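*Asks:* build the 3D model from these lines:
(2 chains)
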Amino acid sequence: MIKAYILILTYVGNLKAVLEEMRKLINVESIAVVAGDYDIIVKAKVEKLEDLVELTDKIHSIKGVKRTNTQVIEKEIEL
Amino acid sequence: MRIRKKYLFYTLAIVSSIAYSLEASIDSVVLYKIIENPWVYCLSFFIVGISFTFFATLFLSIPFKNKSIGSLIDPSFKKIRILKRREIKYQIVAGLGNAVATMGYFIIVSIFIDSSVVLSFSQFVILYLLLIESLAEKNAPTLAEIQSSVMVTFGALLGSISLSGEINVDALLIVLFVINPGWVLFATYNRKLKLLKIDEKLNDSINIRFWNLTFTTIFVFAGIFILKGNIIYESIYAIKSNFSWLLAGAIITFFSVVLFVRAMGMGKASITQAVRASSIIFSLPMVFLISHFYPDFIFAGDTIMMLIKIIGIILVVLGVISFALTEVKAYIFIKAKTGHPIMELFNDIWKIKGITNVAVVAGTYDIIAKARIRTLGKGYERIIRDMEKIRGIENFEWQSILKEWEEI
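*Replies:* Presented below is the predicted three-dimensional model:
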């Protein structure tokens, strides 16, 4: 199992539409709208790296997405 | 289905509280109509409860679609297992707390047959939990926490007046000095157990419940033997005569506690307790339902008393809602100083109170952490100040979460 954070920047005025499309995607563990350098942080959970490529491709194809930055998780601990 | 985790937390806690109020109503009926001796009822309840819980845990261990049936209730559950050594001390304390609280509870139910009174009394426990969390986290509670707790407490106080206007001082003392401290131990140590990692995974609420009930039953047997002597034959006779009532109670209690413990793994003990305070809302219709079947069950219902009770319930609900609406979450993107051991940094960040997730990542950043605190002010006091003390951090960026959806 591979997990990754995908940090997303959107064009102004497109956030709601992008979120609606994002919520339809599979292999997504959580979606957070944030205030900071990015607009959306997606946590992805995929079986293999190819699935991650497919997911980021799908995110790129959503109208309103300006840029993504993928951070693959190497080790994680959570409550 | 993707719902916000917060909703899952409240769903678990509220379903648990509905089950809890149903169970309290059954206890009232049984003690009023069927087994009048609270000690005999208590012992027979535990004998049936532990037997049912054992078989239920075995049943929930049956594999189902590469998981187990129990994973439908708690995704962390695989199968019934032997306790790990580090769990034993927590289970002993939680079991002792549960035994004390339960024995006190049965005495109270036998005094007040109205379960809405009994449940309201128990809601004071939130103040104890808040105090303990503040001491444990070396951090003062926020204004929102104090406001909500006061509302829940006064609401519960008003709700605890019986519909006939009766207030029993002995019962109040038992609640304050026996039941609630016992429940605090039970709730606090159950949460510790839920947060323990077993084989690198979160502990599950079903095994926690099974083992907790095992220890509780041992303490209850010992406690009743010391206080009342040997009443085991009366208890066995009571089981034979009233098995269906006791089994219904055992089933409802099992699900109520399992869902409560699971909710405890998701939120602070005081917040889970606050949500569970909603049990007093559900207890009122149940009291009316029972009195429909048993017309002599209670009370000279009075409009003013009813109004006071409803005001109490509204206060409890408002208190719970204000707890729910005051939570802040954030992602923190961290860059490490070149040459600093990343695992040392990972562990240092994990130790900060309020950090709920730490991930070492490959990309622009080195570590991404997630924080959950009550207010942004707490984020500064508790997290930013602590992070600035860590030597290996080059810089970090704080990204407040405005809204979040999580898969369940």
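*Asks:* show me the shaky parts of chain A.
*Replies:* Counting by pLDDT under 70, chain A has low-confidence residues at A:79.
*Asks:* can the longest helix anywhere in chain A be found next to chain B?
*Replies:* If you go by DSSP state H, chain A has its longest helix at helix A:49-60. No. Judged by C-beta under 8 Å from any C-beta of the partner chain, helix A:49-60 stays clear of chain B, getting no closer than 11.7 Å. C-beta: built from backbone N, CA, C; applies to glycine.
*Asks:* longest strand in chain A, please.
*Replies:* In chain A, assigned by DSSP state E, the strand with the most residues is strand A:65-78.
*Asks:* what's the spacing between it and its chain's center?
*Replies:* Counting by C-alpha atoms, centre = their mean, to the nearest Å, strand A:65-78 is centred 8 Å from the centre of its parent chain.
*Asks:* kindly export it (C-alpha atoms) in CSV.
*Replies:* Taking C-alpha atoms only, strand A:65-78 is exported to CSV below (Å, rounded to 0.1, in the frame of the first residue of the first chain):
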residue,chain,number,x,y,z
VAL,A,65,-6.6,22.7,-11.3
LYS,A,66,-3.5,24.9,-11.8
ARG,A,67,-0.7,22.9,-10.3
THR,A,68,-0.1,19.8,-8.2
ASN,A,69,2.8,18.7,-6.0
THR,A,70,3.0,15.0,-4.9
GLN,A,71,4.7,14.0,-1.7
VAL,A,72,5.0,10.2,-1.3
ILE,A,73,4.8,9.0,2.3
GLU,A,74,7.8,6.9,3.3
LYS,A,75,6.9,6.4,7.0
GLU,A,76,3.8,7.4,9.0
ILE,A,77,2.4,7.3,12.5
GLU,A,78,-1.1,8.5,13.5
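*Asks:* contact distance from chain B - what residues of chain A qualify?
*Replies:* A:3-5, A:23, A:28-38, A:41, A:69-79.
*Asks:* and chain B, what are its domain boundaries?
*Replies:* When chain B is parsed with automatic domain parsing, its domains come out as B:2-325, B:328-407.
*Asks:* let's have these in a markdown table, adding mean neighbour count.
*Replies:* Shown next, in a markdown table, are the domains of chain B (neighbours: other C-beta atoms under 10 Å in any protein chain shown):
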| stretch | mean neighbour count |
| --- | --- |
| domain B:2-325 | 19 |
| domain B:328-407 | 17 |
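*Asks:* got the residues of the stretch 201-350 of chain B near chain A?
*Replies:* Those residues of the stretch 201-350 of chain B that sit near chain A, judged by C-beta under 8 Å from any C-beta, are B:265, B:329-331, B:343, B:346, B:350.
*Asks:* let's see which of the residues you listed end up in strands.
*Replies:* Secondary structure assignment by DSSP E places B:329-331 of those in strands.
*Asks:* so which of the residues you listed comes closest to A:Thr10?
*Replies:* B:Tyr331 (16.6 Å; C-beta to C-beta).
*Asks:* contacting residues around that closest one?
*Replies:* The neighbours of B:Tyr331, taking C-beta atoms under 8 Å, 6 or more residues apart in numbering or on different chains as the test, are A:32, A:34, A:36, A:41, B:368-371, B:398-399, B:401.
*Asks:* give me the nearest residue to it, chain neighbours excluded.
*Replies:* When the adjacent residues along the chain are set aside, B:Tyr331 lies closest to B:Gln399, with 4.5 Å between them (C-beta to C-beta, 6 or more residues apart in numbering or on different chains).
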